[in-house]
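In: Fold the following.
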Amino acid sequence: MNEKKTEGCDKLSIALIVTVTLVMGVIFVNGWTDAPNAIATAVSTRVLKPNTAIGLAVVMNFLGALVMTYFNAQVAETISNIVTFEGAGNAAQVALASSLFSIVVWAVTAWYFGIPTSESHALIAGLTGSAMAMGGLSAVNGGEWIKVLVGLVVSTLMGFGGGFLVTRLLAKLFQGVNRRKANQVFTVGQAISAAMNAFLHGAQDGQKFMGVFMLGLFYNNLVEKTGNGFVIPLWVMALCSLTMGVGTSVGGMKIIKSVGMDMVKLEKYQGFAADLSAAICLFLASIFGIPVSTTHTKTTAIMGAGAAKRMTSVDWSIVKDMILAWVLTFPGCGVIAFIMAKLFVAIF
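Out: Prediction:
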C-alpha cells in the first residue's frame, strides 16, 4: 500500500514539475517574442531608445499581468474554460503539457524568422488540439470559443479602423500647428501610449497563461474550481508576471524591426495614433474577458495608421507574410498539439 502511494506521489510530482516548467517556458517565450510589439512603434519613431523601450516593457508587462489580474481575471477565466480535459484521467496532465510544448515549438520557429505570430492564438490552438485528441469536439466549449472569434474580428476592425481614423483626425487637428511643437506633444503621447500597450499586453497575455497555470494545478488535484473559474493566488500572479518580464528583457529586437521598422515607416503622430488605438482595444477586451491577440491588435493598428497617409506607405508583402502566419497558427499549432498529445499519452 505504501509503495503504491509513493509511486503515485512520484508520478504526481513529475507531472506537476513538467507542467509548471512548460507553462513558465511558454510565458517566457511570450515575453520574448510577443511583448516587443507593444513598444515597436515607439522605437521606430525614435521616441524611445531600444534599451529604454525594452526596460519600459519589462516593468509595464509585469504590472499589467499583476494588477489587472488582481482586479479583473475574466480573461483567465475564459481561457481556463475554453476546453476540458476532464474524463481523460491521468492523461489530462500529459495532454495539457502537449499543448504547451506545441506553443513553444511554434513560437520559437516564428521568432527565428522574425515573424510576429500571436502566442494568444497559438495558446488557444494548442489547448484545442490537445483537448480534441482526448475527447473530440465535445471537449471544446463552443460558448468560450465564440469569444475568441469575436475578439479576432473586433481587434482587426478596431485596430486598423482606429489607427486609420485617429491618424486622419490628428492630421486635421494639428494641420496649422508648428511641426516641432506638434512633435513634442506626440512624443510625450506616444511614450505614454507605449507604456499603456505594454501594461495591457501583460494584462491580456499574462492572464491567459495564468489560466493555463491554474489548469495545470487543477489536473494535478492541487486546486479546485470555484464557479466558472479559479481564484488565482497572488504568488501565481507574481511568478507569471516576473517570468514574462524576464522574457521581454532577453530578446525582442527582431520583432521590433519587423513590426515597427520594416512593415511601414511611421511619423510620430502616426505612431501615437497606432499605440492609442491598440491600447483602447486591448483595454475594452480585457474588461469584458475577451481574449484577443495583442500582436494582431497592435499590428493592424500600425497598418491603419500607415494606410491613413497613403496606402503605398505600407509594405504589403510583409503584411501578407504576417497574415499568412496568423492564418496558419490555428491549424498549424492545433495539429502539432493534437499529434503531440496522442504521442505523449501513448508513451507516458
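In: quick one: buried residues of stretch 78-86?
Out: The neighbour-count check on stretch 78-86 (16 or more other CB atoms under 10 Å) flags 78-85 as buried. Bear in mind the C-beta positions are built from the backbone N, C-alpha and C, glycine included.
In: same check, this time on stretch 223-233
Out: For stretch 223-233, a neighbour-count test (16+ other CB under 10 Å) marks 223, 229-230, 232 as buried.
In: if we can go back for a sec, tell me which of the buried residues of stretch 78-86 is nearest to residue 65?
Out: Closest approach between the buried residues of stretch 78-86 and residue 65, by CB to CB: residue 79, at 13.4 Å.
In: now the closest one, nearest residue through space, not along the chain?
Out: In this structure, residue 79 finds its nearest non-sequential neighbour in residue 211, 3.5 Å apart by CB to CB, 6 or more residues apart in numbering.
In: same deal with residue 302?
Out: Using CB to CB, 6+ apart and skipping residues adjacent in sequence, the residue nearest residue 302 is residue 274, 4.7 Å away.
In: Let me know the secondary structure of that neighbour.
Out: Following DSSP: H, G, I helix; E, B strand; the rest coil, residue 274 is assigned to helix.
In: Can you verify my assumption that residue 205 contacts residue 120?
Out: Yes: if you go by CB atoms under 8 Å, residue 205 and residue 120 touch, sitting 6.3 Å apart.
In: Any chance of the buried residues of stretch 78-86 in TSV with pLDDT, secondary structure and distance to residue 38 as columns?
Out: Output for the buried residues of stretch 78-86, formatted as TSV (pLDDT from 0 to 100; DSSP: H, G, I helix; E, B strand; the rest coil; distance: CB to CB, whole Å):
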residue	pLDDT	secondary structure	distance to residue 38
78	88	helix	21
79	88	helix	20
80	87	helix	24
81	88	helix	27
82	90	coil	24
83	90	strand	28
84	86	coil	32
85	83	coil	32
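In: List just the nearest of those residues to residue 145.
Out: Closest to residue 145, out of all of the buried residues of stretch 78-86 and judged by CB to CB, is residue 82, at 6.3 Å.
In: check contacts around the residue nearest to residue 302.
Out: 41, 163, 167, 266, 298, 301-302, 304-305 (CB atoms under 8 Å, 6 or more residues apart in numbering).
In: Go again with 7 Å.
Out: By CB atoms under 7 Å, 6 or more residues apart in numbering, the residues touching residue 274 are 41, 163, 266, 301-302, 305.
In: still on that earlier bit, which residues touch the helix or strand hosting the residue nearest to residue 79?
Out: Following DSSP states H and E, one finds residue 211 within helix 207-219. Among residues not part of helix 207-219, those counted as contacts by CB under 7 Å, 6+ apart are 19-20, 23, 26-27, 30, 65, 68-69, 73, 75-77, 79-80, 85, 92-93, 96, 120, 123, 223, 225, 230, 232, 236-237, 240, 291.
In: before we move on, back to that, could you report the pLDDT at the residue nearest to residue 302?
Out: As predicted, residue 274 sits at a pLDDT of 91.
In: cool, residue 36 as well?
Out: Taking residue 36 on its own, its pLDDT is 66.
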